[in-house]
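Engineer: With the input below, show me the fold.
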Amino acid sequence: MSRREGIGVGTIILVIVSLLVVVVGASGVYLAMTNQLDGFLAGFGIVKSGEEEPVDDDVSTTTVTPALVAYAGYTWPELQDISNKVAAAPSDVDGIAVAASYGLCDASGAITSDATQLVLSDNTLAYVQLVGIRQDQRADGSGVVGLTFMAYMVSEQPMCSTASCAGGWEASSLRAWLQSTAATSLLPEEMSSVIVPVTKLTNNTGITRDEGSVTATSDALWVFSAHEVCGDVGWFAHDYGNWCSYYDDVINAEGQQYQYFSQQGVTSVSDAANTLALTYRGSSRAWWYRSPYPYSVDGNDSVGYFYQANESGYPSSLGQSDSAAGVVVGFCV
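Structural biologist: Numbers count the residues shown, from 1 in each chain. Alright, predicted model coming up:
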């Protein structure tokens, strides 16, 4: 074969390949113009980026949204269901057994589950901790509530709009704030939707020596009393003698100490486990009890105080009513 003949054959092959490219290109243009290109490519398993292959009509698909874990591995609706089962038990012993079966406490009722992070709507971080089992009564009179929690700290607020503690917790601006959308909107909707109002006992007079000043309010969100956190107090008897113990009687009438604080060893003079040393936005803060200081300082009733846990966690300190302190919220589901 001559060199000239070899060149002719190569040229012919090149022409054929060129014609094939033209044909394929023209076919692609035609398919694209007639909206058939995607289907043509799909036949070869080629799918455009961002698209998925079609699914047979007889194959069902389900989008699963991860559950919002609230506490101890449960969601708030699940915790509401558990709480209702605990409340429906015929006795406290039986109720504790129900809670223990869900890993919330041991057989003795000691709370075993740890605090869980809670992201508030303002993007600050708080925590939720179970504090009581069958320790609160529903405000509607229908019986006991199964589970009581605390959320800490959710805000920093004054207890009252003025320096006076007159009217106690019932008349306080902090209670009004906790009843408003400003407070409830901080909480996740799936949490706030399962909270039930309960009855809280508080000195709602302010400066008083009369135990009869302790009356009931209905509250969905509330702050703890000194007695609910510290148990029995003898602050006045210790500092001023037994003749002042009627002030202690007023404080001790404000509910019962919650199981969590009791098992943590919190007393009126000690917090060895630092259970009460809490922070707000990364900084240590004193936080309010709803208990007014019942004694008139220097006889000036226009200036009043409420008890607090101080920023180091010591269980007893005072804050002037119109000063700001941390808000640790109690609630039931």
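Engineer: contacting residues around the closest residue to Ser284 other than its chain neighbours?
Structural biologist: When the adjacent residues along the chain are set aside, Ser284 lies closest to Glu311, with 4.2 Å between them (CB to CB, 6 or more residues apart in numbering). Quick note: C-beta positions are derived from backbone N, CA and C, even for glycine. Shown here is Glu311, whose contacts under the criterion CB atoms under 8 Å, 6 or more residues apart in numbering are Ala277, Ser284, Arg285, Ala286.
Engineer: Serialize those residues to JSON lines and add fields for neighbour count, distance to Cys230 and pLDDT.
Structural biologist: Compiled in JSON lines, the contacts of Glu311 are given as follows (neighbours: other CB atoms under 10 Å; distance: CB to CB, whole Å; pLDDT from 0 to 100):
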{"residue": "Ala277", "neighbour count": "15", "distance to Cys230": "14", "pLDDT": "97"}
{"residue": "Ser284", "neighbour count": "13", "distance to Cys230": "19", "pLDDT": "95"}
{"residue": "Arg285", "neighbour count": "22", "distance to Cys230": "18", "pLDDT": "96"}
{"residue": "Ala286", "neighbour count": "22", "distance to Cys230": "15", "pLDDT": "98"}
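Engineer: which one of those is nearest Asn203?
Structural biologist: Distance to Asn203 across the contacts of Glu311 (CB to CB) is lowest for Ala286, with 19.8 Å.
Engineer: residues touching that closest one, list them.
Structural biologist: By CB under 8 Å, 6+ apart, the contact list for Ala286 reads Gln308, Ala309, Asn310, Glu311, Ser317, Gly319, Ala325, Gly326.
Engineer: do Trp169 as well
Structural biologist: When contacts are taken as CB under 8 Å, 6+ apart, Trp169 is in contact with Arg175, Lys200, Thr202, Asn203, Asn204, Thr217, Trp222, Val223, Arg290, Ser291, Pro292.
Engineer: Okay, and which of the residues you listed map to strands?
Structural biologist: Mapping the contacts of Trp169 onto strands (DSSP state E) picks out Lys200, Thr202, Asn203, Thr217, Trp222, Val223, Arg290, Ser291, Pro292.
Engineer: List only buried entries from these.
Structural biologist: Lys200, Thr202, Asn203, Thr217, Trp222, Val223, Arg290, Ser291, Pro292 (16 or more other CB atoms under 10 Å).
Engineer: Pull the contacting residues for the fourth one.
Structural biologist: Contacts for Thr217 (CB under 8 Å, 6+ apart) come out as Trp169, Glu170, Arg175, Thr199, Lys200, Thr202, Asn204.
Engineer: and the fifth one, bridged to which residues?
Structural biologist: Beta-bridge pairing of Lys200, defined through DSSP bridges, involves Thr217.
Engineer: Pretty sure Ala220 is one of the things it touches, is it not?
Structural biologist: No. When contacts are counted by CB atoms under 8 Å, Lys200 is not listed as touching Ala220 (10.4 Å).
Engineer: Can I get the buried ones among the ones in strands among the contacts of Trp169 in CSV including pLDDT and distance to Glu211?
Structural biologist: As requested, these are arranged in CSV below (pLDDT from 0 to 100; distance: CB to CB, whole Å):
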residue, pLDDT, distance to Glu211
Lys200, 98, 16
Thr202, 98, 12
Asn203, 98, 9
Thr217, 98, 17
Trp222, 98, 20
Val223, 98, 21
Arg290, 98, 16
Ser291, 98, 13
Pro292, 98, 14
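Engineer: Return the member of those nearest to Asp122.
Structural biologist: Proximity of these to Asp122 was ranked by CB to CB; the top entry is Val223 with 19.0 Å.
Engineer: Kindly confirm my reading that Phe261 is in a helix.
Structural biologist: Yes. Under DSSP: H, G, I helix; E, B strand; the rest coil, Phe261 falls within a helix.
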